[in-house]
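*Asks:* Just to be clear, the model below is a prediction. Sequence and coordinates:
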Amino acid sequence: MMKNNTTTVSEFILDCAIDPQQKIQIAAILIIIYFVTLLGNSLVIFVIKCNRHLHTPMFLYIGTLAFIDLLNSTTVNPKIVANILGSSAILYGLCFFQMIFRSHLSATECFLFALMACDRYVAVLHPLRYPALITNKLVWICIFILNVASVVLFLPFVCYGAELSFCRDNVLPYCFCDYVTLVQLSCNEDPKYLFILSPTFIFVSIIPIVVIIITYIKIARAALKISSGDETKKVYSTCLTHLIVMGLFFLPLAVTYGLPGMGVRLSNEARNEMEIIVNVVPPMLNPIIYSFRNHDIKKSIYKMFFSKRALSKL
């Protein structure tokens, strides 16, 4: 069902609910976070690309994650800062692109985390067969398939988004463009537009999370059977790094996208805060976590930028 008096919308106004007295401080913090994100993820990609010893499946996953984080931050962060500083208008086409591209990146990242968990599963439970089973070529094929799967999953959102008509106004009570917000603003009342969120959420979040949990439980059990204490410590250290990064991504994402799909309405302030966290904070922290907790990346950074004397202390 659709109401009458639809209007042609050429742009939207992003009404980000932020205390006017804190806008300058928040904008400054977001700018710092963005530059740290650019520097950290670019450094990880650069180090992996330049060091041939890091041209292995695990580091290809990490490099891909860094690239996704760069794209995600660049798609979202500058517009949030511009919005806070007064440039709140966004063209209809750009808004639609931001919405779909962000969704695609988020889904691809979810699938990538599940793939990384499976990679660690093979490495721990089948270490002798790992080099033959998991090759760089297979990794690139899997990453390509993940992107294709994400595109297929969000094709209905593209079609439904194109059907939306607007009969109220063009003000989105949000910091950036979001599918749920567009549907709520539109005059289309067909439940199909929101019903699609639940099955998509299951495929994009629930299934990868279940795969990750089952995989790491099996990895933990296998690690307990390893006789060498150093090897056990290495397995747990690697897995803990991955779990920290995944937790930073999945927990806010689950709340932000899962609750609306189940009919739970979040306040505009709460949704803005959760979306900013899931889109801004993890991309900044991921390279820091990997750099400090991964010995190979840390060693490569020291070797590239510091003296051999400092390298010998690692």
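*Replies:* Nice, I can see it.
*Asks:* Let me see the ranges of the strands in the stretch 101-250 of the chain.
*Replies:* 171-172 (DSSP state E, counting those that start in this stretch).
*Asks:* Which stretches in it count as helices?
*Replies:* Along the stretch 101-250 of the chain, the segments classed as helices by DSSP state H, counting those that start in this stretch run 130-133, 136-163, 179-185, 192-195, 197-201, 207-224, 229-261.
*Asks:* which stretch in those helices is the model least sure about?
*Replies:* Among the helices of the stretch 101-250 of the chain, helix 229-261 carries the lowest mean pLDDT, a mean of 70.
*Asks:* Residue 31 reaches residue 81, doesn't it?
*Replies:* Yes. Using CB atoms under 8 Å, residue 31 and residue 81 qualify as a contacting pair, with a distance of 5.9 Å. For the C-beta atoms, the positions are set from N, CA and C on the backbone; glycine is no exception.
*Asks:* Looking only at neighbour counts, state which of the two leads.
*Replies:* residue 81 (18 against 14; other CB atoms under 10 Å).
*Asks:* What distance do you get for the more buried one to residue 115?
*Replies:* According to CB to CB, to the nearest Å, residue 81 and residue 115 sit 32 Å apart.
*Asks:* what do you get for residue 218?
*Replies:* Using CB to CB, we find residue 218 at a distance of 16 Å from residue 115.
*Asks:* Settle it for me: which of the two has more neighbours?
*Replies:* Each of residue 218 and residue 115 has its neighbours counted (other CB under 10 Å); residue 115 has more, 20 against 14.
*Asks:* per-residue pLDDT, the more buried one?
*Replies:* Residue 115 is given a pLDDT of 93.
*Asks:* doesn't residue 60 make contact with it?
*Replies:* No. Using CB under 8 Å, residue 115 makes no contact with residue 60, being 10.5 Å away.
*Asks:* So for these two, which residues contact both of them?
*Replies:* Jointly contacting residue 115 and residue 60 under the rule CB atoms under 8 Å, 6 or more residues apart in numbering are residue 143.
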